[in-house]
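Peer 1: Can you look at this prediction? I've put the sequence above it.
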Amino acid sequence: MSHFFHRSICKPPVPPPSIQHPIICALLIAFAPFAPVHANGIKQHPCLSRLKVSKFQSVSEANATWYPLGLLIEPLATKELNASRQVAAAKWFTREKRPAPFPIITIYGNPKQKADRFGRKALLPMKLNESLQEYLLRQGLARADINTLSLPCAKHFLEIEAEARQSRLGLWAHKVYQLRNARSLHLSDKVSTYQLVVGTIKSISRNPKRISYLNFGNYWKEDFTVTLSARSLKIWEQQGHSLDELKGQTVYVRGWIENRDGALIRIKHPQQLQYEFKDQVREAR
């Protein structure tokens, strides 16, 4: 699997000679972890509640030992989109913002999260209260992968993604990434792909001790289905939701498509299943 970006764009900018004095650099490094929260009252970033400053304070490793936390690791549908993502990321790493003389980038990570099977760590580069992830999501050059995110961070990323999708920016203008209608979700080309699906729930089987099912058709062996494990159901209902109230509701689901007697998505994070997006149903195809 290739790295999320071309490696050459992942170098933090070199500070100008005027601020390369070792004492100044030491002070900048010492205060860098506090960059996302300014003295003028900017609130704590919603994604930092479970994250700590990472020991990886460089993202220029030639062996690609990191990937952006909360974004899907995927090649985009066209060469043009991939090139645009690389250019946008390079711009984020190099562009300057006042009042800082050069961008101070702090790298955050979850100390409890293990490296993936490729030895990569999920990291969140942050500069002046903006993460690289937010920058790419706003331009429609990435999709959110919320499974490892805290609830506030997942909500934040999805709000940004929704704005880009509604404006059809970047990848959201391409047919590959359009919302799918649960009634016409064909398995032939959707298994093992990450999809955003909308549909009306026909029936519910709630089982707090095993697996709960949300059925989107009259014949569950062929129609689209959503499942929640006992743990997922508990977490979802702890957010103030009620599974029983979803019958007849039009809901919005995101996740990886599996073939389990028809198309299926497993809910592992509360924000994978939402039903406050009725205006978006018109986008589904």
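Peer 2: Cool, the structure landed. Numbering: from 1, shown residues only.

Peer 1: where are the low-confidence patches of this protein?
Peer 2: Scanning the chain for pLDDT under 70 picks out the ranges 1-3, 5-43, 57-63, 95-103, 187-188, 276-285.

Peer 1: for the stretch 1-150 of the chain, what spans make up the strands?
Peer 2: 52-53, 66-68, 106-109, 121-127, 130-131 (DSSP state E, counting those that start in this stretch).

Peer 1: Those: which one's closest to S229?
Peer 2: strand 121-127 (22.5 Å; CB to CB). Every residue, glycine included, has its C-beta placed from N, CA and C.

Peer 1: Return the list of strands paired to the closest one, each annotated with direction.
Peer 2: strand 66-68 (parallel), strand 106-109 (antiparallel), strand 130-131 (antiparallel) (DSSP bridges).

Peer 1: Could you dump the strands of the stretch 1-150 of the chain into CSV and include distance to S167?
Peer 2: Output for these, formatted as CSV (distance: least, CB to CB, whole Å):
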stretch, distance to S167
strand 52-53, 34
strand 66-68, 22
strand 106-109, 28
strand 121-127, 24
strand 130-131, 19
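
Peer 1: Dump these to a markdown table, plus distance to A88 and mean neighbour count.
Peer 2: Formatted as a markdown table, these follow (distance: least, CB to CB, whole Å; neighbours: other CB atoms under 10 Å):
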| stretch | distance to A88 | mean neighbour count |
| --- | --- | --- |
| strand 52-53 | 25 | 14 |
| strand 66-68 | 12 | 23 |
| strand 106-109 | 18 | 21 |
| strand 121-127 | 13 | 23 |
| strand 130-131 | 13 | 21 |
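
Peer 1: before we move on, the earlier item: kindly reformat the strands paired with strand 121-127 as TSV containing distance to S232.
Peer 2: Output for the strands paired with strand 121-127, formatted as TSV (distance: least, CB to CB, whole Å):
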stretch	distance to S232
strand 66-68	24
strand 106-109	25
strand 130-131	27
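
Peer 1: So which of those strands is nearest K55?
Peer 2: Per CB to CB, nearest to K55 of those: strand 106-109, 8.2 Å.

Peer 1: then that closest one to CSV, C-alphas only?
Peer 2: What follows is strand 106-109, C-alpha atoms only, in CSV (Å, rounded to 0.1, in the frame of the first residue of the first chain):
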residue,chain,number,x,y,z
THR,A,106,3.1,20.2,16.1
ILE,A,107,2.4,16.5,15.5
TYR,A,108,-0.2,14.8,17.7
GLY,A,109,-1.0,11.1,18.1
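
Peer 1: quick one: which of the strands of the stretch 1-150 of the chain is nearest S212?
Peer 2: Once the strands of the stretch 1-150 of the chain are compared by CB to CB, strand 121-127 is nearest, at 28.6 Å.

Peer 1: Quick one: the helices in this structure, in order.
Peer 2: 22-31, 79-94, 132-138, 151-166, 230-237 (DSSP state H).

Peer 1: so of those helices, which one's packed in deepest?
Peer 2: helix 132-138 (a mean of 23; mean count of other CB atoms under 10 Å).

Peer 1: Would you mind saying which of the strands of the stretch 1-150 of the chain lies nearest G255?
Peer 2: Closest to G255 of the strands of the stretch 1-150 of the chain is strand 121-127 (CB to CB; 18.0 Å).

Peer 1: Taking helix 151-166 as reference, get the angle to that closest one.
Peer 2: If you take axes from the mean of the first three to the mean of the last three CA atoms, to 10 degrees, strand 121-127 sits at 70 degrees to helix 151-166.

Peer 1: Any idea how far strand 121-127 is from the middle of the chain?
Peer 2: From the chain centre to the centre of strand 121-127 is a distance of 12 Å (CA atoms, centre = their mean, to the nearest Å).

Peer 1: what does that strand rub up against?
Peer 2: By CB atoms under 8 Å, 6 or more residues apart in numbering, the residues outside strand 121-127 that reach it are 35-36, 45, 47-48, 51, 54, 56, 59, 65-70, 92-93, 97, 103-110, 113, 115-116, 131-133, 148.

Peer 1: now swap in stretch 171-180 and tell me
Peer 2: 76-78, 81, 140-143, 164-165, 190, 195-198, 252, 280, 283-285.

Peer 1: Drop anything exposed from those.
Peer 2: 76, 81, 140-143, 164-165, 190, 195-198, 252, 280, 283-284 (16 or more other CB atoms under 10 Å).
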